[in-house]
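Chemist: The sequence isn't on hand, but the structure is:
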């Protein structure tokens, strides 16, 4: 599992993260939920070592982050983050070149599933296609964990449905998924654990199924409670 | 190790068109310069009814050295342009990865490798570009010489020596100095400069906002530390009571310290403080 | 591996191009020469170096030839530039090596050394007011066996109120007394010129100034007049006398006349009256010396040299014109006896003398041929010889020749490109 303990980050006199602690288990889909600027993306980036943080502990599979550990974790950022001049197949080749656990068969499968043109240049792709390619790059690696930052933001509805399909497939089931979103309504049926962030702190952290059964509340209901209070 | 080589290859691949352009420009412009000057001189000779006075360096005979002496600007232009482009690419090779909203740096920093690999791969690529263009320049000299020998009739040719040829062009004298020790010194200082700039860039990217100021101050501090000791302490008038060899040792030590600190600081910030 | 082709190409071009360049450069050597002993005592060749120019390339190459071989300055590194003082002043270098601590910060100035002591003196100026400088000399002494050193800073009062300069022209030791011979020159507020020499005597026991001996003083002459010591090397050795040359120069002519003879152009200079004196440190006596006028008439001759050399009580005047050298020797202690020696270049193998100089009793010179190139671009000469002659008797002590250190067929061509001889003898 991915463990985050007391993560703190200050940026320009603002406590972006003020003691964030939670766990994302393997085999479950954990979702960080919060308003814009609540620090969700920052948590993911901190886990990936893309931003520095002041204090706190991060453990991935029990180990602190290191180059070897990075092989076990895939990051799908909110944008594709690849040079515009690259072609789709070159982007796949680049990932294959640099990551040991690349699964070419799966990559082909996903390419076909999303109907992506290998020869297309990245700069010419639409937002939706870009997001699909992003998923391909992230999921074609045999990693234990997948982090996704706003996988649906700015994507058209049909593409969203395609992406959502991936979530329910076995591609995702065996891994630990940690994602962020502020569009809860769509994600509700897919996620297992919800972690609410507000002003740099975890305000609610619960299992969605249990919440539904025990208290009869959906995630959206809890959200209204938390953010309207 | 493999990540390092692959990243070097990637940097080379990204720069290939610019490199090809500079290489082509250098070859073409310099060959053109040699060809034009030789032609011009040949026609002058023909008009003046060439008379061989027999003296070893009579003004009538044509040497390749002489040709080089008369092509200063056109010859130097592609070299200066290459230098400019490479200098701009020292920060360019980094900032390129931060372009736009979709920054490639995300991917690079997330790779399962030590961050230092990124630093070294960019340095290696830059050095490859510099020395390859330099090697091309050195290799194109015999080519130009050959063209010259093909153009000028045997009887009108005067001998030339490599050291004289290089001596005719001020830019070449600095780029390819006579003494290999000087070559090592100049380019070592160049590497030092590149690494200081690298670290300054990493400083700027780690402390957004004030980062620019810190970076500039850092570059200034390094420059002072490297440049000041030698003239300050002086080698001839030993006002501080130090012998010249001691002054040189101090200056070199200062430069080495700056180098070590640049590398240490740059790598440390790259590992811990850099932010996308 | 296939994808790395461009990277590999770059690496190959870089290494091949630059490596090839330096390889080609190294292979293209400048011609080597050597000073070879023909007759006489080969040991005399050891301190000799001939600085000259090799002109057969597009640019003149400066080189130095000695018995070990030839050394060109073209391919020197910038580092060599920084350490060049070693070569220029080998005596100072020797002092630095022997007394590294004492010599620290003393690379400029005048020195004296004997078996027991090393002295260093240097002039220093202090700004007192606007356009007013006070002149001092700093004197430091080292007793070699104990390693103890001391020093002091002494004011040159004669420079008070004068705008000009001072310099050390003599440094000697007599038992516990150190003599610093200082020459000063300057103009006062009313633009009147002062010129003089003082002997400052300092005690090694307490560093105090024992006395100041006025050696020479004059006022009212032209600003370009000066006093120098003959045989003023950077490092002095024990001597009872200093030989002074007082040069009083008159005003420069308004429109100097110009004479042309052959390839030489002579411009009329201001008339200079040189008067020589011997100064005896022990007594403080200054005695004028009469030196006969030049023998060799200058206007006819094309290549001339005139030099005055002094060491250990003997003053030697050397005159040279083309292929003739005349040496006059005067005994400074008695100021009466003198000997005269005449030498002809033909005696030694060719037509002209170059760069003659005296070291004690030995005359060093280059003997070679006509300095002007003939039609084919080479110099007309038999050879380039270096000779060492006893100046008292004219006897040849050593003769060496500059030879090309390579295949015999090329020798004549390369030797023909050498010119502009400057003989240097390491003290």
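Modeler: Received, thanks. Here the structure is a predicted model, which is why all the values come from computation and not from measurement. Numbering: from 1, shown residues only, chains lettered A, B, ... in the order given.

Chemist: Pull out the buried residues from stretch B:157-177.
Modeler: For stretch B:157-177, the neighbour count (16 or more other Cβ atoms under 10 Å in any protein chain shown) marks B:158, B:160-169, B:172, B:175-177 as buried. The C-beta positions use only the backbone N, C-alpha and C, and glycine is treated the same way.

Chemist: starting at the chain centroid, how far to the helix or strand bottoming out on mean pLDDT in chain B?
Modeler: Counting by mean pLDDT, DSSP states H and E, chain B has its least confident helix or strand at helix B:229-233, which shows a mean of 75. Here the centre of helix B:229-233 is set off from its chain's centre by 25 Å, with Cα atoms, centre = their mean, to the nearest Å.

Chemist: and it, does that touch chain C?
Modeler: No. Using Cβ under 8 Å from any Cβ of the partner chain, helix B:229-233 never reaches chain C; the gap is at least 8.8 Å.

Chemist: Helix or strand: which one has residue B:264?
Modeler: For residue B:264, the element it lies in under DSSP states H and E is helix B:244-272.

Chemist: where do the helices sit along chain A?
Modeler: A:40-47, A:67-70, A:88-98, A:104-114, A:127-139, A:157-168, A:170-173, A:184-187, A:208-210, A:219-228 (DSSP state H).

Chemist: Which of these sits closest to chain C?
Modeler: helix A:88-98 (8.8 Å; Cβ to the nearest Cβ).

Chemist: element containing the nearest residue to residue C:106 once chain neighbours are set aside, please.
Modeler: The shortest distance from residue C:106 to any non-neighbouring residue, by Cβ to Cβ, 6 or more residues apart in numbering or on different chains, is to residue C:120 (4.8 Å). In the assignment (DSSP H and E), residue C:120 maps to strand C:117-129.

Chemist: Mind listing what's buried along that strand?
Modeler: C:117-123.

Chemist: Tell me the one of those residues nearest chain B?
Modeler: Relative to chain B, the closest of these is residue C:122; by Cβ to the nearest Cβ it sits at 11.2 Å.

Chemist: How about the contacts made by that closest one?
Modeler: When contacts are counted by Cβ atoms under 8 Å, 6 or more residues apart in numbering or on different chains, residue C:122 touches C:106, C:108-110, C:137-138, C:168.

Chemist: Now render these as CSV, adding secondary structure, pLDDT and neighbour count.
Modeler: Shown next, in CSV, are those (DSSP: H, G, I helix; E, B strand; the rest coil; pLDDT from 0 to 100; neighbours: other Cβ atoms under 10 Å in any protein chain shown):
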residue, secondary structure, pLDDT, neighbour count
C:106, coil, 86, 21
C:108, coil, 84, 15
C:109, coil, 88, 21
C:110, strand, 91, 23
C:137, strand, 93, 22
C:138, strand, 92, 16
C:168, strand, 93, 22
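
Chemist: Now do the most centrally placed residue in chain A against chain B, distance only.
Modeler: A centroid search over chain A (Cα atoms, centre = their mean) returns residue A:148, at 1.5 Å, as the residue closest to the centre. Distance of residue A:148 to chain B, computed by Cβ to the nearest Cβ, to the nearest Å: 13 Å.

Chemist: just checking, residue B:259 touches residue B:194?
Modeler: No. Counting by Cβ atoms under 8 Å, residue B:259 stays clear of residue B:194, with 10.5 Å between them.

Chemist: Residues that sit against both of the two, list them.
Modeler: In terms of Cβ under 8 Å, 6+ apart, residue B:259 and residue B:194 are not both contacted by any residue.

Chemist: show me the contacts for the residue of the stretch 1-150 of chain B found nearest chain C.
Modeler: Of all residues in the stretch 1-150 of chain B, residue B:135 sits closest to chain C, at 2.5 Å by Cβ to the nearest Cβ. Contact analysis of residue B:135 by Cβ under 8 Å, 6+ apart lists C:13-18.

Chemist: of those, buried ones?
Modeler: Using 16+ other Cβ under 10 Å as the burial test, the contacts of residue B:135 include C:13-14, C:16-18 as buried.

Chemist: so which of the residues you listed also contact chain B?
Modeler: Answer for the buried ones among the contacts of residue B:135 near chain B (Cβ under 8 Å from any Cβ): C:13-14, C:16-18.

Chemist: Quick one, grab the pLDDT at the residue in the stretch 151-300 of chain C that chain B sits nearest to.
Modeler: Relative to chain B, the nearest point of the stretch 151-300 of chain C is residue C:151 (13.3 Å; Cβ to the nearest Cβ). With respect to pLDDT, residue C:151 scores 91.

Chemist: Tell me what it is bridged to.
Modeler: residue C:140 (DSSP bridges).

Chemist: so it touches residue C:141, yeah?
Modeler: Yes. Using Cβ under 8 Å as the test, residue C:151 is close enough to residue C:141 to be in contact (6.6 Å).

Chemist: need the contact list for residue A:191.
Modeler: Going by Cβ under 8 Å, 6+ apart, residue A:191 touches A:29-31, A:179, A:208, A:219.

Chemist: Name the nearest of those relative to residue C:325.
Modeler: For the contacts of residue A:191, the residue nearest residue C:325 by Cβ to Cβ is residue A:179; the value is 101.7 Å.

Chemist: So the strand or helix carrying residue C:65, near chain B or not?
Modeler: Element membership for residue C:65 (DSSP H and E) is strand C:61-66. No. Strand C:61-66 stays clear of chain B (Cβ under 8 Å from any Cβ), getting no nearer than 8.8 Å.

Chemist: on that earlier part again, among the contacts of residue C:122, which one lies nearest to residue B:253?
Modeler: So of the contacts of residue C:122, ranked by how close each gets to residue B:253 (Cβ to Cβ), first place is residue C:106, at 24.2 Å.

Chemist: show me what contacts that closest one?
Modeler: Counting by Cβ under 8 Å, 6+ apart, residue C:106 makes contact with C:120, C:122, C:140.

Chemist: Same check on residue C:213?
Modeler: By Cβ under 8 Å, 6+ apart, the contact list for residue C:213 reads C:198-201, C:284.

Chemist: Including distance to chain A, could these go into TSV?
Modeler: Output for the contacts of residue C:213, formatted as TSV (distance: Cβ to the nearest Cβ, whole Å):
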residue	distance to chain A
C:198	74
C:199	75
C:200	71
C:201	74
C:284	82
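
Chemist: and residue C:327, what are its phi and psi?
Modeler: When quoted as degrees, to the nearest 10, the phi and psi of residue C:327 stand at phi -120, psi 130.

Chemist: again with residue A:126
Modeler: Torsion angles, degrees, to the nearest 10, at residue A:126: phi -80, psi 170.

Chemist: so how far is residue B:191 from it?
Modeler: Distance of residue A:126 to residue B:191, computed by Cβ to Cβ, to the nearest Å: 44 Å.

Chemist: which one of the two has more residues nearby?
Modeler: residue B:191 (14 against 11; other Cβ atoms under 10 Å in any protein chain shown).

Chemist: so the residue nearest to the more buried one when sequence neighbours are not counted is in which element?
Modeler: The shortest distance from residue B:191 to any non-neighbouring residue, by Cβ to Cβ, 6+ apart, is to residue B:127 (7.1 Å). Following DSSP H and E, one finds residue B:127 within helix B:116-151.

Chemist: What residues sit buried inside stretch B:114-129?
Modeler: In terms of neighbour count (16+ other Cβ under 10 Å), stretch B:114-129 has its buried residues at B:114-115, B:117-119, B:121-129.
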